[in-house]
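Enquirer: have a look at this prediction, sequence included:
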Amino acid sequence: MSTTLISFYTNLSRQITTYFGSTVLVVGVVGGILNLIVFLSLRTFRENSCAFYLIFMSLANLIHLLTSLSGHIIIFGFGYDWTVITTFLCKSRVAHIQLWLLTSFTCACFAIIDQFLSTSFNPRWHRWCNIKLARYVIAATIIFWSIHSIPSVIYYNIVTSPLYPNQQACIITNGIFQAYSSFGFGLVLMGVLPLTTMTVFGLLAYYNIQNLAYRTVPLVRRELDKQLTYMVLIQLIYNFFVLSPYVVTNIASFYLPNDDLTKCLKIVSVDWHNCYFAGPFYIYVCVSKRFRQQFKHVVCIIHFNRWKRTNLIQNKVLPELPKTSSF
């Protein structure tokens with residue numbers, strides 16, 4: 001490949017990562033914070049198991065954006081690979097990415113599974129939809145993915161870059177783990193498995209919700225089930241479009257030469273993949289009229305009035321006490 005093309009692909013990936021990645025970061029952080037504010041401010045969501053999974057998904061998304069995406073922008077956008085400074089930074093970054101990325105995917109899957117169980121015709125399955133079980137599931141999820149990231153801490157090391165012999169890189173130094181990282185983690189856990197799980201249970205939940213009107217379910221619960229189901233179903237469609245290109249690129253990279261063009265495609269697919277973490281709040285606002293009303297209620301009534309009361313108390317003038325004579 002000519003030097004001109006190498007320079008072109010390198011600059012192209014840097015420009016996309018810098019501007020597009022930075023936009024995703026800002027938009028995603030704002031949306032993640034607003035998502036947490038709405039979910040945590042309303043008892044309706046705090047006491048619902050599906051919403052509880054969405055709360056932790058939003059938290060995991062926010063952590064991933066603030067740490068992993070920002071680091072990705074610095075490395076591939078500004079060209080400063082800070083992971084080669086120390087072995088600790090090299091190992092901890094990869095483990096951190098895996099933990100919160102997979103936690104987010106798992107919470108999204110459990111949210112859809114929970115809605116399938118909650119809207120099921122079999123009353124026995126409804127007992128699995130409770131906030132206490134959801135807490136245990138979240139704790140087990142974080143512990144499981146923390147253990148899963150241990151091999152990354154072991155096998156990622158700072159060595160000479162295979163693409164640029166005069167540079168160092170934080171890469172895998174074990175052949176077996178490299179194969180797992182490419183197929184098991186990069187292909188299955190980051191794409192095929194979550195998409196398949198969300199699609200199967202999403203379709204089942206949609207079937208259940210279509211027949212919900214014919215069942216004797218309290219109106220408040222029925223409306224909440226409809227709201228959450230439509231929210232996670234539209235998010236499923238969105239996830240398919242933002243996660244699929246990464247899966248396709250990852251599969252194609254096995255058959256493409258390990259050059260700058262392939263590297264550019266991988267970097268751009270990761271940039272697009274990060275849209276998954278930035279989109280949930282805006283999806284909920286666009287597809288759910290009830291969520292828009294809840295958002296306005298939380299921001300304009302709950303928090304604005306709270307701020308207004310606090311401001312009035314702070315600005316309140318205390319009555320002046322009479323001065324006492326010193327004689």
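Expert: Ah, there it is.
Enquirer: and Asn208, that one's in a helix?
Expert: Yes: the assignment for Asn208 by DSSP: H, G, I helix; E, B strand; the rest coil puts it in a helix.
Enquirer: where along the stretch 51-200 of the chain do the helices fall?
Expert: Using DSSP state H, counting those that start in this stretch, the helices of the stretch 51-200 of the chain run over residues 70-72, 87-118, 131-148, 150-155, 175-179, 193-210.
Enquirer: and the second one, what does it pack against?
Expert: The helices and strands touching helix 87-118, judged by 3 or more Cβ pairs under 8 Å, 6 or more residues apart in numbering; DSSP states H and E, are helix 49-64, helix 131-148, helix 150-155, strand 156-160, strand 168-172, helix 193-210, helix 219-253. Placement of C-beta: from N, CA and C, glycine included.
Enquirer: ok, back up a step: which of the helices of the stretch 51-200 of the chain sits closest to Val24?
Expert: Smallest distance to Val24 across the helices of the stretch 51-200 of the chain (Cβ to Cβ): 10.1 Å, for helix 70-72.
Enquirer: give me the contacts around the closest one.
Expert: 17, 21, 25, 82-83, 93, 270-271, 274 (Cβ atoms under 8 Å, 6 or more residues apart in numbering).
Enquirer: out of the residues you listed, flag the one nearest to Gln168.
Expert: Thr83 (9.5 Å).
Enquirer: give me the pLDDT for the nearest residue to the closest one once chain neighbours are set aside.
Expert: Sequence neighbours aside, Cys170 is the residue nearest to Thr83 in space, at 4.1 Å (criterion: Cβ to Cβ, 6 or more residues apart in numbering). We have a pLDDT of 89 for Cys170.
Enquirer: and the pLDDT at the closest residue to Gln168 other than its chain neighbours?
Expert: Using Cβ to Cβ, 6+ apart and skipping residues adjacent in sequence, the residue nearest Gln168 is Val84, 4.6 Å away. Reported pLDDT at Val84 in the predicted model: 88.
Enquirer: out of the contacts of helix 70-72, which comes closest to Pro123?
Expert: Asn274 (40.5 Å).
Enquirer: give the contact list for Ser22.
Expert: 73, 77.
Enquirer: and what of the one 5 residues further on?
Expert: Shown here is Val27, whose contacts under the criterion Cβ under 8 Å, 6+ apart are 278, 282.
Enquirer: check which helix or strand it maps to.
Expert: For Val27, the enclosing helix or strand under DSSP states H and E is helix 21-41.
Enquirer: work out the gap between that helix and the centre of the chain.
Expert: Distance of helix 21-41 from its chain centroid, counting by Cα atoms, centre = their mean, to the nearest Å, is 10 Å.
Enquirer: just the CA trace of it, in CSV.
Expert: Extracted in CSV, the C-alpha atoms of helix 21-41 (Å, rounded to 0.1, in the frame of the first residue of the first chain):
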residue,chain,number,x,y,z
GLY,A,21,-16.6,10.3,18.7
SER,A,22,-16.5,13.6,20.6
THR,A,23,-20.1,14.3,19.6
VAL,A,24,-21.2,10.9,20.7
LEU,A,25,-19.4,11.4,24.0
VAL,A,26,-21.1,14.7,24.8
VAL,A,27,-24.6,13.7,23.6
GLY,A,28,-24.3,10.3,25.4
VAL,A,29,-23.1,11.8,28.7
VAL,A,30,-26.0,14.3,28.8
GLY,A,31,-28.5,11.7,27.8
GLY,A,32,-27.2,9.2,30.4
ILE,A,33,-27.4,11.8,33.2
LEU,A,34,-31.0,12.7,32.2
ASN,A,35,-31.9,9.0,32.0
LEU,A,36,-30.7,8.4,35.6
ILE,A,37,-32.4,11.6,36.9
VAL,A,38,-35.8,10.4,35.4
PHE,A,39,-35.5,6.8,36.5
LEU,A,40,-34.3,7.6,40.0
SER,A,41,-36.8,10.4,40.7
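Enquirer: no further questions, thank you.
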